[in-house]
Every structure is written in structure tokens, then in C-alpha cells.
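*Asks:* please find the sequence and the predicted model below.
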Amino acid sequence: MSNNFLIKNTPILKEYDTIGIISTSDGVSKETLSKIINILENFNLKPKLSQTIIRVNSHFSGTGEERAEELTKLFCDKEIKAIFDISGGDSANYILPYLDFEKIAQNKKYFFGYSDLSVIINFLYRKSHVKSFYYNFHNLYGEFASEQQDLFKKLFFNENPNFLTYDLNWIYGKSMSGIVIGGNIRCFLKLAGTKYFPNVGKKILFLESLSGNSNRIGSFLAQLEQIGVFEKISGILLGTFTELENKKDIPTTEELFLEIAKKYKLPIAKTNKLGHGKDAHCLPIGFKINI
């Protein structure tokens, strides 16, 4: 099977496209927003700001209902080509009961975000069939800003982009195929037991984590097993598990997942270029991939 994260399409973005900006999880600072706006304008994109971006009350840019209303408005705005959520943290799941998924389904556009936005990304695919890109915008002005900006232009301003921009290490098996779901393991599991949890049948489950030693990650794996995920999916794609790997904790990421792979005969591949790293690349969610 050939490696293929190819999205056969005209460019995802074009110069002078209007981009909706929002924080559906924890709000951001004015300085952070200013950096993002400057970069987007350098790409000749036109930011259109929602009313829920900046922290106005402790961690929040608005109530859950207010943030949901603003996100629904961005989807319904015919001028907007894509939505960039520049937040992260803990509070994305506040908004789920208030999202108008029927209106969103009638006004599909690409959604960009990462980390806690795994909650929103998987909700949007489950309820409205919206496809997303798991991407951290803050890397565009971080330590690897030049490389990240070049990568952004390569992936989003060219026809038929191939998102396999990194090497894969196979932990078990040698190929897998399916629609990608998932994201940050802790945040993805916020959906467990709710009506918003995605249909995992024959899907490729992407998982990564910023925090968590081996005992915490192991407990997340136990929960995924107990709710029947591993017996239904077609494979697992792993990004970085930052705390576990930086501390060289044991069992390692690979050892934890190898046990699952052998038990369920699941192909598992890993890359160090997806996750919370400052050099992290982008993963399409809701798209079918073959690797």
C-alpha cells in the first residue's frame, strides 16, 4: 500500500480568503491574537474575528453558550472560507450542547485546531460531517517559525497537497487504511459516555498527549479498551506523548501501545512530528488515509 495523505482538491486556501478566528476553549491574550493576525495578513489572508477570542473572565472568552453561538455564526457566514480556532486548554466541551450542528452541516467549511479542540473536531465530524486539520497555529511564530510558515504555505496554498510530510515508525503491522478521528487522548476521552462520541468502526485513531506519565497514559488506554474502541478501529496513529517521552518514563509509549496492538492485532505507527511539539506538522481529521 502506498503512503497517501493526499487531498485531491484545489488549494484549501487562496490569497485574500476570509478566515474566521475564534477561541472555543480557553481564551487567549491580546498579544497572542495580534501575532496570529500579523502572520495571517502576511499570508494575504483576511482575518474575521469572532466575539469570543480574548480572555474576559478568568480563563474564558465567553460562556459556553456564547462561544457556541459564535462558532455557529462563523460556519454560517458565507464570506468565510475556513475557521481557525487559536485556543486550547480545558473548556471546549462547555459549548457542545449549544452548537447548532444542523446549521453547521448545511454550511460546511474546514476547521483548524488542536489539543483541547479535539473535542470540537470530533464533535463536528460526528454530528455535522465537517472535516478538520489538527494543527497548532502558535507554531507559526514559535522556535521553528520559518519552517512552519513554509510548511503551512505548502500544505494549504497548493493543489493536491500530500500531508505525509514526516517519517513513520511501525510499532506493529506495516499498513493501515481508514478515516482518521481522534486527537489529544485526554481531551478525546471527554466525549466518552456522551452522545457526541464518534463512531469508531473501521477508523484510524490518532492519539497524542502533552501531559501524563506512563501510569496516566496507561489509564487512558484502559478506558479506551473498556468502552470497546480497540475492537472496532482499523489502526492507531501515534504522535508525541511529551511528558512521558521527555522524562523517559517506563513503560515507554511504544511499549504501552505494543501490548494493545498484539492483543487486538492492530497496526500501529508513530511519528514525532504530530502533537504538541514546536515543530509539529498537520494531520487531516475526517479524511481517509492509506499508509
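*Replies:* Done, it's in. Note that the coordinates shown come from a computational prediction; the quantities given were computed from them, not determined experimentally.

*Asks:* dump the residue contacts of the residue lying closest to S214 once chain neighbours are set aside.
*Replies:* Closest residue to S214 in three dimensions, ignoring its sequence neighbours and counting by Cβ to Cβ, 6 or more residues apart in numbering: D249, at 4.6 Å. Any C-beta I mention is one placed from the backbone N, CA and C, and that applies to glycine too. By Cβ atoms under 8 Å, 6 or more residues apart in numbering, the contact set of D249 is N213, S214, E243.

*Asks:* same deal with P251?
*Replies:* S214, G218.

*Asks:* try it again with 10 Å
*Replies:* S214, N215, I217, G218, L244, F257, L258, E259 (Cβ atoms under 10 Å, 6 or more residues apart in numbering).

*Asks:* of the residues you listed, keep whichever come out buried.
*Replies:* S214, I217, L244, F257 (16 or more other Cβ atoms under 10 Å).

*Asks:* take these and keep only those in helices.
*Replies:* S214, I217, L244, F257 (DSSP state H).

*Asks:* buried residues, the worst-scoring helix or strand of the chain on mean pLDDT. List them.
*Replies:* Ranking every helix and strand in the chain by mean pLDDT, DSSP states H and E puts strand 288-290 at the bottom, with a mean of 93. Residues I289 are the ones in strand 288-290 that count as buried (16+ other Cβ under 10 Å).

*Asks:* the buried ones among the contacts of P251 into CSV, with extra columns for distance to K270 and pLDDT?
*Replies:* As requested, these are exported to CSV (distance: Cβ to Cβ, whole Å; pLDDT from 0 to 100):
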residue, distance to K270, pLDDT
S214, 15, 97
I217, 13, 98
L244, 12, 98
F257, 8, 98
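
*Asks:* same list (those) but as TSV, adding distance to L74.
*Replies:* Shown next, in TSV, are these (distance: Cβ to Cβ, whole Å):
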residue	distance to L74
S214	39
I217	34
L244	35
F257	36
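
*Asks:* ok, so of the residues you listed, who is nearest K232?
*Replies:* Nearest to K232, judged by Cβ to Cβ, of the buried ones among the contacts of P251 is F257 at 16.5 Å.
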